[in-house]
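Visitor: below: sequence and its predicted model.
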Amino acid sequence: MSISMRRLRAVAAVGAASLVLTACSGDDASPGDGGGGTELSGSVVWYSSKAPEYSQAVIDDFNEEYPNIRVDMLRAPSGDLTVRYAQERSSGAETADLITMGDIAFVDEGRENDWWVSEPQVSEGFPEEHVVDGMVTVGMNHQMLAYNTNTFPEGADMDSWEVLADPDMAGRVILLDPRGEPGYLGQLQLYSELYGDEFLEQLASQDIRWVNSQVPGFENLGSGSGDVMAPAAFSSGQPAIDSGAPVDLNPNVPSTAIGVYTVQSNEAHDEAATSAFFEFLTSKEGQETFHGQDTSSVRTDTEGTAPLPDDLIPMEDLLPEALERRDELMALVGLV
């Protein structure tokens, strides 16, 4: 069975009523009016899993340079965006010109179906090694362990993922559900490599609270519905901490990072406008705005973006085997 069919069966269909495109910026303009810089006009549809305030800030900065290009942005978790795009593309419906998400398996699916531009236009200075067969790694999202500070003191010394399988934590563990976002499947592979498959079987007996994205995960953690959460993204955890929620992050576990990928449709309705936006997103200015202090750029010349530890394990290194073992890993943790 193809990855696409598994996803379409495993994840509920995403209706247009539940995800609404937001007309973000730019004057209404007709595509393809030519010119460059401020003279270029047209429109772009961008699906983005990045927090809306950062995606919107990129659009606003882009429109300083290209005021006549309208960018419509749809923000949703990666799993919802990829299901939606696959359904739209397969049915011949209009869909995104660019999609930014954290699902490398979806990128591979698009390659198999010939959906992507093979050589997208990136900015000067963007690392060539992060442009591979049409997929551009536009950032990294550091994943670590989160915990409730009403249960554990701030700065608690939890330097191992093994706390997740502690019998005392039964019913108190929040995990990100790999059925909605395959990137989290790599986390299960990490546990297997570090501690053996027995660890996954121990997790299955923990009465896990599975959540489909970081936001409800931190809401559950902050409300006391759970005591530990994994993997926890710095980009979602730090805002929760700043808001006063009783949560903290521990980066001392063998930590991972989920790549943030962008691909361009080879059926973009306005190729010039789409290429201009893609180039801006990968520029130094675009990267600093897109990431802020929450996520990390792969460019070496950006300032103010989140640093990454030297011993980081990229999720994309774990995913090939994780995808091969998908059904086995799911069964081991009780997701069957």
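Guide: Arrived safely, thanks for sending.

Visitor: give me the neighbour count for Pro178.
Guide: Using other CB atoms under 10 Å, Pro178 has 24 other residues around it. Every residue, glycine included, has its C-beta placed from N, CA and C.

Visitor: which parts of the protein are strands?
Guide: 22-25, 42-48, 69-75, 98-101, 131-132, 135-148, 173-176, 209-211, 228-233, 247-250, 256-264, 313-314 (DSSP state E).

Visitor: confidence-wise, which of those strands is weakest overall?
Guide: Least confident of those, judged by mean pLDDT, is strand 22-25 with a mean of 53.

Visitor: which non-adjacent residue is nearest Leu318?
Guide: Spatially, and ignoring its direct neighbours in sequence, Leu318 is nearest to Gly186 (3.7 Å; CB to CB, 6 or more residues apart in numbering).

Visitor: and the one you found, what does it touch?
Guide: Applying CB atoms under 8 Å, 6 or more residues apart in numbering, we find Gly186 in contact with Thr256, Ile258, Met315, Glu316, Leu318, Leu319, Ala322.

Visitor: what of Thr282?
Guide: Going by CB under 8 Å, 6+ apart, Thr282 touches Val122, Ser123, Phe126, Val136, Val138, Arg299.

Visitor: how far away is the closest residue to Val260 other than its chain neighbours from Glu328?
Guide: Among residues not flanking Val260 along the chain, Gly139 sits closest, at 3.9 Å (CB to CB, 6+ apart). From Gly139 over to Glu328 the distance is 30 Å, taken as CB to CB, to the nearest Å.

Visitor: then Asp108?
Guide: For Asp108, the distance to Glu328 - CB to CB - is 19 Å.

Visitor: next: Ala51.
Guide: Distance, Ala51 to Glu328, by CB to CB: 33 Å.

Visitor: neighbour count: the two, which is higher?
Guide: Using other CB under 10 Å, the more surrounded residue of Ala51 and Glu328 is Ala51, with 19 against 13.

Visitor: leaving out chain neighbours, which residue sits closest to Ala273?
Guide: Distances taken as CB to CB, 6+ apart place Gly42 nearest to Ala273, at 3.2 Å, with adjacent residues excluded.

Visitor: what residue is smack in the middle of the chain?
Guide: With distances taken as CA atoms, centre = their mean, the residue of the chain nearest its centroid is Gly102 (3.3 Å).
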